[in-house]
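In: Below are the sequence and a predicted model; questions follow.
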Amino acid sequence: MIDTGLDITTEKVAQSGLPKVDFNNIPFGKIYSDHMFVADYDGKQWGDFRIVPFNKLNLSPATSVLHYGQSIFEGLKGFKSQSDDSVLVFRPQANAKRMRESALRMCMPDLPEELFMTGLHRLIDLDRNWVPDVDDASLYIRPFMFATDEYIGLKPSEKYQFIIFTCPVGKYYAAPVKVKVETNYTRASKGGTGYAKTAGNYAAAMYPAKLAQQQGFDQLLWTDGVQHKYIEESGTMNVLFVFNDKLVSIPTSDTILPGITRESVLKIARDWGLTVEERPVEVAEIISGAKDGSLKEMFGAGTAAVITHISHIGLEGETYELPAAETREVSNKILKELKGIQRGEIADTRGWNYKI
Ligand SMILES: Cc1ncc(COP(=O)(O)O)c(C=O)c1O
């Protein structure tokens, strides 16, 4: 247990919402746990640390974030341990680090790791009964920070708020997904904000993704913004491939969010002695691999999606089908390992779980 001496006040809910929740039937992201952690940045330092009932925010229409989008967030998960009474949060320090990198890029104040970790620890400790003890379910944790100046002149806000709330969630994708290669719109470009977890990246992706959904796809497979020749990532997932017996991942760059799940998958694969390549992957390579059968597996990796098989690739009116999910040895084995570690069923030899 970390205890940084951070002075956090706690106001508990009068009545918990827990009895109304059916843990065997949880929609993603619609049910919120009782409490949230809040901290304010006054232009000089973080303070007023508090845990309060989950509630609506009261904002001026002139609040800076609503106009200029200084808003960053994280997404991570906590699991009910299957070996003791603890809650296991998967690699929260990695999310704390990424949040600091996002803050720097978006001209927002640094958020010390100890503030992130202490807030998260105390909140989850208090709402620990909200962590589902059901297969494929977990507690999704959403830390975020946004600009709170009441001022519509264009400049970085001086004041900010940091909040963490949580929600019990079930599976994000119920089945393998169909992706469409995007060859017109761009999610991120060199020198831009693609590697930061900032709201605007997601806003810009919505319209192209909606067009793809209207054509029967679940998600877009983004390509580079210059030539639309190289694969980047998909929705809220990094993408990985198995070409024959090699696991291939696209290197992270300033246009790709450096996913913690991706990094964990690569670490597991390397520890197992699998051949792993981190290199650019061309659209042409996956299409020829789908045609000649050398592309054995393709999957997305992300906190919400965990490991999600990609079943079909759409490109300019053609659709290419990949081998059935049940035949995919590498990704299914990695998924089993990852889930086992997260749920405390397999020894956490890499020190990934943070125990509460
Ligand atoms: C754009 C994008 N790429 C990749 C990921 C996967 O990252 P992680 O594994 O850290 O959840 C996410 C989800 O957070 C995302 O939003």
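Out: Yep, that arrived. Numbering: from 1, shown residues only.
In: for the one helix or strand residue 212 maps to, packing partners?
Out: Element membership for residue 212 (DSSP states H and E) is helix 199-214. Counting contacts by 3 or more C-beta pairs under 8 Å, 6 or more residues apart in numbering; DSSP states H and E, helix 199-214 packs against strand 71-73, strand 219-221. Yep, even glycine has a C-beta here, placed from its N, CA and C like the rest.
In: Go through that helix and flag the buried ones.
Out: Buried residues in helix 199-214, counted by 16 or more other C-beta atoms under 10 Å: 199, 200, 201, 204, 205, 208, 209, 212.
In: Helices of this protein, start to end?
Out: Secondary structure of the chain by DSSP state H: the helices cover 64-68, 92-105, 113-126, 199-214, 260-271, 283-292, 329-342.
In: before we move on, back to that, which of the helices and strands packed on helix 199-214 is buried the deepest?
Out: strand 219-221 (a mean of 25; mean count of other C-beta atoms under 10 Å).
In: ok so, going back, give me the contacts around the helix holding residue 212.
Out: Helix 199-214 is contacted from outside by 69, 71-73, 180, 182, 184-185, 187-188, 193-194, 219-220, 222, 235, 257, 314, using C-beta atoms under 8 Å, 6 or more residues apart in numbering.
In: Which positions in the stretch 101-250 of the chain make contact with the ligand?
Out: Residues of the stretch 101-250 of the chain found near the ligand (C-beta under 6 Å from any ligand atom) are 233, 236, 237, 238.
In: quick one: contacts for residue 159?
Out: Contacts for residue 159 were tallied using C-beta under 8 Å, 6+ apart; they are 40, 41, 42, 43, 147, 148, 149.
In: between these, which is closest to the ligand?
Out: Nearest to the ligand among the contacts of residue 159: residue 147, at 20.4 Å, using C-beta to the nearest ligand atom.
In: Wait, the closest one touches residue 155, no?
Out: No. The pair residue 147 / residue 155 is not scored as a contact, 10.0 Å apart, by C-beta atoms under 8 Å.
In: Which one's more surrounded, these two?
Out: residue 147 (25 against 11; other C-beta atoms under 10 Å).
In: Quick check: the more buried one vs residue 290, distance?
Out: Separation of residue 147 from residue 290 (C-beta to C-beta, to the nearest Å): 44 Å.
In: Find the closest residue to the ligand in the stretch 51-200 of the chain.
Out: Closest point on the stretch 51-200 of the chain to the ligand, by C-beta to the nearest ligand atom, is residue 75, at 4.9 Å.
In: so what pLDDT did that residue get?
Out: We have a pLDDT of 98 for residue 75.
In: how far away is the closest residue to it other than its chain neighbours from residue 92?
Out: Leaving aside its sequence neighbours, residue 75 sits nearest to residue 303 (C-beta to C-beta, 6 or more residues apart in numbering; 4.9 Å). Distance check for residue 303 against residue 92: by C-beta to C-beta, it reads 11 Å.
In: for residue 44, same thing?
Out: Look at residue 44 and residue 92: by C-beta to C-beta, they are 26 Å apart.
In: In contact with the closest residue to residue 10 other than its chain neighbours, which residues?
Out: Leaving aside its sequence neighbours, residue 10 sits nearest to residue 51 (C-beta to C-beta, 6+ apart; 4.5 Å). By C-beta under 8 Å, 6+ apart, the residues touching residue 51 are 8, 9, 10, 11, 35, 36, 37, 38, 122, 123, 126.
In: follow-up on the earlier one: out of the contacts of residue 159, which end up buried?
Out: Those of the contacts of residue 159 that meet the buried threshold are 40, 41, 147, 148, 149, by 16+ other C-beta under 10 Å.
In: what about the stretch 251-356 of the chain, any weak spots by pLDDT?
Out: By pLDDT under 70, the stretch 251-356 of the chain contains no weakly predicted segment.
In: for the ligand, what are the nearby residues on it?
Out: Residues of the stretch 251-356 of the chain lying near the ligand by C-beta under 6 Å from any ligand atom: 257, 259, 260, 261, 262, 301, 302, 303.
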